[in-house]
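Colleague: What follows is a predicted structure for the sequence shown.
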Amino acid sequence: MRVKRVEIVPLEVVVRNFAAGSLCRQTGIALGTKLDPCLVEFYYKNDDLGDPLLTRDRIFAMGISSAPQLDQLTEQAMRINTILREFFTGCGITLVDFKLEFGTDHTGTLLLADEISPDTCRLWNNAETDERKRVMDKDRFRQDLGSVAENYQTVLDRIMMQLP
Ligand code: UDP
């Protein structure tokens, strides 16, 4: 594996196309509500503080990032979302939400520095309408829905078929 050293920006950048998870818990928005435009949210990468949701002003006050860098993070996250959403649609899968992390290399260039997998995305099977059956991501494990490995394998099989 060839890698580049980066200095990680201590933010989890979450993009949401449909409401699920903490968004539903914190706002009461119904599970599965379409979010158009998508939401781009920033969470502080800090286990001791429980990875809290941040505002732009809090990020500036904490000195974590600058306005131009936040704009760049938002723009890159939205571009990645457009590409991934379309790719997963071709796999018969809805990209509900996902998390990204970024870092800067020695030239100061902002780079995506993360995995993209069913551990960091919510993926719903378009062939299933049932709320429990459609889940293809780590929520299967977290909600004890069973068939975790089988669903991860289905995601992989469909991705492999979709790749050029
Ligand atoms: N996520 C992640 N790592 C984290 C927090 C969130 O990969 O430490 C992903 C999660 O899998 C989901 C999205 O970010 O795809 C939004 O997560 P959410 O805020 O809804 O929290 P959750 O309900 O998953 O705890």
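Modeller: Okay, I see it.
Colleague: what number of residues lie near the closest residue to the ligand within the chain?
Modeller: With CB to the nearest ligand atom as the measure, G21 is the residue of the chain nearest to the ligand, at 2.2 Å. C-beta: built from backbone N, CA, C; applies to glycine. Here the neighbour count serves as a burial measure; for G21 (other CB atoms under 10 Å) it reads 15.
Colleague: and what of L163?
Modeller: Quick note: L163 (other CB under 10 Å) scores 9 neighbours.
Colleague: Can you tell me how far it is from V3?
Modeller: In this structure, L163 lies at 22 Å from V3, with CB to CB, to the nearest Å as the measure.
Colleague: near the ligand, which residues of this structure?
Modeller: On the criterion CB under 6 Å from any ligand atom, the ligand has as its neighbours in the chain the residues 12, 14, 20-23, 51, 97-99, 120-122.
Colleague: Filter those down to the buried ones.
Modeller: Buried members of the residues of the chain next to the ligand, scored by 16 or more other CB atoms under 10 Å, are E12, V14, A20, L23, D97, F98, K99, T120, C121, R122.
Colleague: Can you show me the strands along the chain?
Modeller: Listed from the start of the chain, the chain has strands (DSSP state E) covering 7-8, 11-18, 34-44, 53-54, 93-100, 102-104, 110-112, 121-125.
Colleague: how about the ones you listed in JSON lines, adding distance to R140 and mean pLDDT?
Modeller: Below are these laid out as JSON lines (distance: least, CB to CB, whole Å; pLDDT from 0 to 100):
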{"stretch": "strand 7-8", "distance to R140": "28", "mean pLDDT": "97"}
{"stretch": "strand 11-18", "distance to R140": "17", "mean pLDDT": "98"}
{"stretch": "strand 34-44", "distance to R140": "22", "mean pLDDT": "98"}
{"stretch": "strand 53-54", "distance to R140": "25", "mean pLDDT": "98"}
{"stretch": "strand 93-100", "distance to R140": "13", "mean pLDDT": "98"}
{"stretch": "strand 102-104", "distance to R140": "28", "mean pLDDT": "98"}
{"stretch": "strand 110-112", "distance to R140": "26", "mean pLDDT": "96"}
{"stretch": "strand 121-125", "distance to R140": "10", "mean pLDDT": "98"}
